[in-house]
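> Here is a sequence with its predicted model. Questions after.
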Amino acid sequence: MNAITRLATAVSLASLFPLAASAADDKGTIEVTHWWTSPGENAAMEVLRNQVKADGYTWKDNAVAGGGGSTAMTVLKSRVVAGNPPGAAQIKGPDIQEWAKAGYLIPDNGLDDVAKENNWDTLLYPTAAKIVQYGNHYVAVPFNIHRVNWLWINPEAFKKAGIAKPPTSLEELYDAAAKLQQAGITPIALGGQPWQDSTLFESVVLAVMGPEGYHKSFVDLDQATLTGQKMADAFAALKKLAGYMDPNRSGKDWNLTTADVINGKAGMQPMGDWAKSEWTAAKKVAGKDYLCVPFPGTAGSYTYNVDSLAMFNVKNKGTLAAQRDVAKIALGTQFQTVFNQNKGSIPVRNDIDMSQFDSCAQASAKDFAEASKDGGAQPSMAHNMATNLPVQGAVFDVVTNFINDKNADPAKAAQQLGAAIKAAQ
Amino acid sequence: MNSVVALPRATPVLDRLQRWLPKLVLAPSMVVILVGFYAYIGWTLVLSFTSSSFVPNYTFVGLAQYWRLWDNDRWWVASKNLVIFGGLFIGISLVVGVLLAVLLDQRIRREGFIRTVYLYPMALSMIVTGTAWKWLLNPGMGLDKLLRDWGWTGFTFDWLINQDRVIYCVVIAAVWQASGFIMAMFLAGLRGVDGSIIRAAQVDGASLPTIYLKIVLPSLRPVFFSAFMILAHIAIKSFDLVMAMTAGGPGYASDLPAVFMYSFTFSRGQMGMGSASAMLMLGAILAILVPYLYSELRGKRHD
């Protein structure tokens, strides 16, 4: 047996695999464009993939990493324009409505009977269900609910700085930040990227203006609220907080700043609950090694960020069957549990046993249920749940420009915000 | 005998082949250029007059996208940055390149080695250059920290995080990358200058600087033009350097038109406005290219 025969054997064996794959094609292939590519997310997606495969469908993974999904969106757009859409793609928030309006998503009856069979209408939180419906028909499947207005705290750093308890109002937050600064610890860890600046900004707006003001600003885009005194106050608060950040944060990634909090170089980080995956990866335990509290001044409110998988309009019957299968499994108990434990988010179903989750997720689920009742649950602007992309981009530009300009005037920034949003509408 | 008879019969075929072969060989690349270049320029132009959002549509809105662009602060920052970046980058690269070339031209020892050292940055991609300079210029870990750790406590160089200065950091990195290449171009030009002219000038008692300024460099006018053209188009299409170095930040202070175009077209879902900005960039390039081509072509006719 020489090298050449061995090579020949290997080649002929390898050539069998495409055959095996095409045999499964008979039942249906679904190609999925997404950017759930971090190790935790990948492990969670593996559960979905395996289930779909076990049901006899072929899953073609089209994972596009990078750019917080903007790279994947570029790929998706070019494919759709070329008339070759994938079976499903990770699209979220108002974008789902725009894609549906343009006529690219699954037709009305595509998912509705799956929804009926599996009781989606009663199981899903209404907030989440509304996002994935277009004209009362399901066109996408929600995966999870992230809370954006969290503050992650390193209790060791707080102890060192002599801070007794986590801040619950903006005033207490300034206090804690000043004490941390005195102790030689960077008080607030935040990377210098537009979406991170705006993640903090929306939490500050929520703290200053409350959920109604937040809704008027970022959902209704009400000019009077956007340019009002309260908005100027929010900008002033943002500026004050920016003074407690690492001056060299420009361009820094969020997970690197989380690492600063984990190793005690920084005291706290305002960030959504995906930050928890970094703590988990560092083998830290919620409630003991790190604390999660609602962003000061926003207890009782909840800015949500719902990930979802939209189904495209495809002619192929097999793919349609695969789409329905993916939808069914994605909202199954097992996938909802595993996926959300890995992502740091909470399930979109209200009947999942939360005792298997950590204390932060349990608190998140409880707060979401309560906030949903009284209008405290608001869509996150920074994570394109509240507005379309042009408006979000306009807010990003104003906020990031403001936070980086030492001489910026809060009142003027509020005026600019109003003008920029009007121009983008 | 037979072959002699056969030849005239084969000739028309060969002749025809000879006539068609160049066209056949060129055809694929012509098609690629026509479709991939001019057709898409045309499509972008069309899109710039539509209300295209995240995917193209054909609802025509006239010049509305251009007006929006006109009112957009970020576009003006990007345009102003291009003027600063382009001007400084082209100017400094030319000066440094010429200076290095002249110095290297003095028959020094180890010239080959030194030449390679200066030319080497060109072998790096802009992404690598941008990342390396991002680290070097970051006040928290680069040059700034090094000098302070060495005891020069008063030293600060925080241009990278300063909104008003960040564009100059991009210039530094770009000059570092390109000046070696400009040096190589001029060195080639200098080597082509007739040695007897220089000797004649020396006999006439001209000093070395005078020889270079009055005789050698003026004779390198074509090289200047080529260098200028290459640098100008690097400046206008500059994208990867900024993305790697600052991603347009802090805020959007180091945005260049190419970065603006990409982010509006592809991540912001404002394809119409992005297309409009792309057309303006094309206009800027044409504004440089057309006079140049005109002067070049006219020059040839006179020669």
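Arrived safely, thanks for sending. Numbers count the residues shown, from 1 in each chain, chains lettered A, B, ... in the order given.
> and residue A:37, how far is that from chain B?
18 Å (CB to the nearest CB, to the nearest Å). C-beta here means a position set from N, CA and C on the backbone, and glycine is covered the same way.
> again with residue A:219
For residue A:219, the distance to chain B equals 18 Å [CB to the nearest CB].
> I'd say that residue and residue A:375 touch.
No. Counting by CB atoms under 8 Å, residue A:219 does not reach residue A:375; the two are 11.0 Å apart.
> Can you pick out the residue with more neighbours from these two?
Shown here are residue A:219 and residue A:375; by other CB atoms under 10 Å in any protein chain shown, residue A:219 has more neighbours (15 against 12).
> worst-scoring helix or strand of chain A, pLDDT-wise?
Across the helices and strands of chain A, mean confidence by mean pLDDT, DSSP states H and E is lowest for helix A:16-24: a mean of 46.
> list the contacts for the residue in the stretch 1-150 of chain B that chain A sits nearest to?
Residue nearest to chain A within the stretch 1-150 of chain B: residue B:140 (3.6 Å; CB to the nearest CB). With contact set as CB atoms under 8 Å, 6 or more residues apart in numbering or on different chains, residue B:140 has these partners: A:246-248.
> Just the pLDDT for it.
Looking at residue B:140, its pLDDT reads 78.
> For it, grab phi and psi.
The phi/psi pair for residue B:140 (degrees, to the nearest 10) reads phi -80, psi -20.
> Please identify every residue contacting each of residue A:219 and residue A:375.
With CB under 8 Å, 6+ apart, residue A:219 and residue A:375 have no common neighbours.
> what's the domain layout of chain B?
B:1-48, B:65-302 (automatic domain parsing).
> now chain A
Taken from automatic domain parsing, chain A resolves into A:28-147+A:305-359, A:150-304+A:381-424.
> quick one: residue B:96 from residue B:231, how far?
In this view, residue B:96 and residue B:231 are 12 Å apart by CB to CB, to the nearest Å.
> Common neighbours of those two, please.
residue B:182.
> So those two - more neighbours on which side?
Counting neighbours by other CB under 10 Å for residue B:96 and for residue B:231 shows that residue B:231 has the greater number, 24 against 18.
> CA-only coordinates of the helix or strand harbouring the more buried one in CSV, if you can.
Applying DSSP states H and E as the criterion places residue B:231 in helix B:221-237. Output of helix B:221-237 as CSV, limited to C-alpha atoms (Å, rounded to 0.1, in the frame of the first residue of the first chain):
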residue,chain,number,x,y,z
ARG,B,221,8.4,66.2,-14.5
PRO,B,222,6.8,63.1,-15.9
VAL,B,223,7.8,61.2,-12.8
PHE,B,224,6.2,63.9,-10.7
PHE,B,225,3.0,63.6,-12.6
SER,B,226,2.9,59.8,-12.3
ALA,B,227,3.7,60.0,-8.6
PHE,B,228,1.0,62.6,-8.1
MET,B,229,-1.6,60.6,-9.9
ILE,B,230,-0.8,57.5,-7.9
LEU,B,231,-0.9,59.3,-4.6
ALA,B,232,-4.1,61.2,-5.5
HIS,B,233,-6.0,58.1,-6.2
ILE,B,234,-4.7,56.3,-3.1
ALA,B,235,-5.9,59.3,-1.1
ILE,B,236,-9.4,59.4,-2.6
LYS,B,237,-10.0,55.7,-2.3
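> Just the residues contacting that helix, thanks.
B:82, B:85-86, B:89-90, B:93-94, B:97, B:174, B:178, B:181-182, B:185-186, B:188-189, B:257-258, B:281, B:284-285, B:288-289, B:292, B:296.
> Can I get the buried part of the residues you listed as one PyMOL selection?
In PyMOL, this line selects whichever of those come out buried by 16 or more other CB atoms under 10 Å in any protein chain shown:
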select buried, chain B and resi 82+85+86+89+90+93+94+97+174+178+181+182+185+186+189+257+258+281+284+288
